[in-house]
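1. how does the following fold in three dimensions:
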Amino acid sequence: MDAAESIINDYIETLENEEVIDDSEERELVTDSCSTKVLNNDDQPTDRYRFVYILFYLFGVTSLVPWNFLITANDYWMYKFRDITPNNMTMVVRKTQFQAEFTSYLNVATAIPNLIFLVLNSLYGHLMPLKSRLQGSLVVITLLFLLTTSLVQVNSDDWQNTFFIITMVSVVIMTAATAVFSGGLVGIASKFSKEYLAAVIAGQSLGGIIAAVAQVISLAFKVSPLHSALIYFVIADIMLITSFISYALLYKIDFFTHHVLRGAGGMATNRHRDVSMLLVLRKIWVYAFSIFAVFAITMAVYPAVTVLVESHPVTKGTDWNNIFFVPVVNYLIFNCGDYSGRLAAGFLLKPLNQWLIAGASILRIIGVPMLMLCNAQPRKHLPVVFLWDYEYIIIMIIFAFTNGYLTNIVMINATRVVDLHEREKASSVIIAMLSVGLTVGAAIGMILVRLL
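-> Sure, this is the predicted structure:
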């Protein structure tokens, strides 16, 4: 009797200590969905016409729209911050302080809030429903990008300082909202099969290709900076608005709500349990280090060093040298290589061993001195070893491909070594470490430029 009584008491104590599960968001999702059969039917719905997969691809593109389209419109910013003093309305061209420092300010205005809000999202994101986080962040990004678009045709020559402040403040807020959106997006994609997370990651790279292609086309047709920027920003606005509407429609699709609610069996009973950050870190710390290494190494030379690389001297005076070399090689080829790597990783998903992945991530550091030994100008200390364009392009393709490949491998595997209810937290940690790598790499890049 004593033994039985002890067992009963232990069981009662276990029930009393069991976590209370908040299913408010699940109820909200069921209310929003087209039917409640997602909870009452054991059969898994199918993704008809791959609609959810396509939307995840779109969301991946959208998650980096602010960065890709703002950085690509370099000619527009140079026009907005040109010297408009009467004594300089001549053929003499010189860079103003705003023109010389704008890109640096833009990097700071994106790197710092991105890191801060990704960390905050990983720590406290669970306190706000995922649907509210993603929809709210999309609203903020869209409104601010509409503001940016509206300022294209506004003559800001007489108030450049105010225009600069407005631009930087909007970029900071957009970046913060983008960090929240990206962290939540990867978290929700991790609850589906690996191909859906791969779609998000590949979509992020595709956004860079779209922006780079738009830049090359505008250069080919010699479109004015204002018109090219207007085209860039209108495209971005359309993508953002489409993403907002599409995300709302997702909650009407049984396939989507099934995975969010049940997570392939049991998500509804696990998703709101307290997730130990320390426990998640113990499981994924090797992957967290790997993603940090990948992006710290990449950002150490891209774009700080690579943007300085010039075509072979024999092409001097040609359009390839003067106009197309940097946009095509530094932006388009890099983004295509990165995108190819992410696609390949989604199909192969090898290696699976976390230590091999970490080793491959560190091995990419070989690309840093190789790119520094290309024809980056001006330089004072290092010799030029890889002078020909084809040598630089080959190095760039390999460097970009491995960046995309390892990014996808890490992102997918990191969400597969944790329990189902820990996946959102794990993906937030990985995204936060990615941002840390970006920030550290950018700081190192400033040093490496001086060592050329």
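2. so who does the residue nearest to the spatial centre of the chain touch?
-> In the chain, the centroid-proximal residue (Cα atoms, centre = their mean) is residue 64; its distance is 5.0 Å. Listed by Cβ atoms under 8 Å, 6 or more residues apart in numbering, the contact set of residue 64 reads 178, 182, 204, 207-208. Every C-beta, even on glycine, is put in place using the N, C-alpha and C of the backbone.
3. 7 Å instead, please
-> 204, 207-208 (Cβ atoms under 7 Å, 6 or more residues apart in numbering).
4. cool, and residue 182?
-> Contacts for residue 182 were tallied using Cβ under 7 Å, 6+ apart; they are 63, 431.
5. you'd agree it is in a helix?
-> Yes - using DSSP: H, G, I helix; E, B strand; the rest coil, the secondary structure at residue 182 is a helix.
6. picking up where we left off before, nearest to residue 196, out of the contacts of residue 64: which one, please.
-> Of all these, residue 196 sits closest to residue 204, with 13.7 Å by Cβ to Cβ.
7. quick one: list the elements packing against the strand or helix carrying the closest one.
-> Using DSSP states H and E, residue 204 sits within helix 194-220. Where contact means 3 or more Cβ pairs under 7 Å, 6 or more residues apart in numbering; DSSP states H and E, helix 194-220 is packed against helix 51-63, helix 65-72, helix 160-189, helix 225-250, helix 334-348, helix 389-414.
8. any chance of these in JSON lines, with mean pLDDT and distance to residue 430 too?
-> Shown next, in JSON lines, are those (pLDDT from 0 to 100; distance: least, Cβ to Cβ, whole Å):
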{"stretch": "helix 51-63", "mean pLDDT": "90", "distance to residue 430": "14"}
{"stretch": "helix 65-72", "mean pLDDT": "81", "distance to residue 430": "18"}
{"stretch": "helix 160-189", "mean pLDDT": "90", "distance to residue 430": "7"}
{"stretch": "helix 225-250", "mean pLDDT": "87", "distance to residue 430": "22"}
{"stretch": "helix 334-348", "mean pLDDT": "89", "distance to residue 430": "15"}
{"stretch": "helix 389-414", "mean pLDDT": "93", "distance to residue 430": "5"}
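9. which of those sits closest to residue 146?
-> Taking these one by one with Cβ to Cβ, helix 225-250 is closest: 5.9 Å.
10. give me the angle between the helix or strand just after the closest one and helix 225-250.
-> As assigned by DSSP H and E, the chain's next helix or strand after helix 225-250 is helix 254-262. Angle of helix 254-262 versus helix 225-250, following axes from the mean of the first three to the mean of the last three Cα atoms, to 10 degrees, is 70 degrees.
11. export helix 254-262 to CSV, keeping only CA atoms.
-> What follows is helix 254-262 as a C-alpha-only set of coordinates in CSV (Å, rounded to 0.1, in the frame of the first residue of the first chain):
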residue,chain,number,x,y,z
ASP,A,254,-5.4,23.4,-44.6
PHE,A,255,-1.9,22.2,-45.4
PHE,A,256,-0.4,25.2,-43.8
THR,A,257,-2.6,25.2,-40.7
HIS,A,258,-2.1,21.4,-40.3
HIS,A,259,1.7,21.8,-39.9
VAL,A,260,1.5,24.9,-37.7
LEU,A,261,-1.1,23.3,-35.4
ARG,A,262,0.1,19.8,-35.3
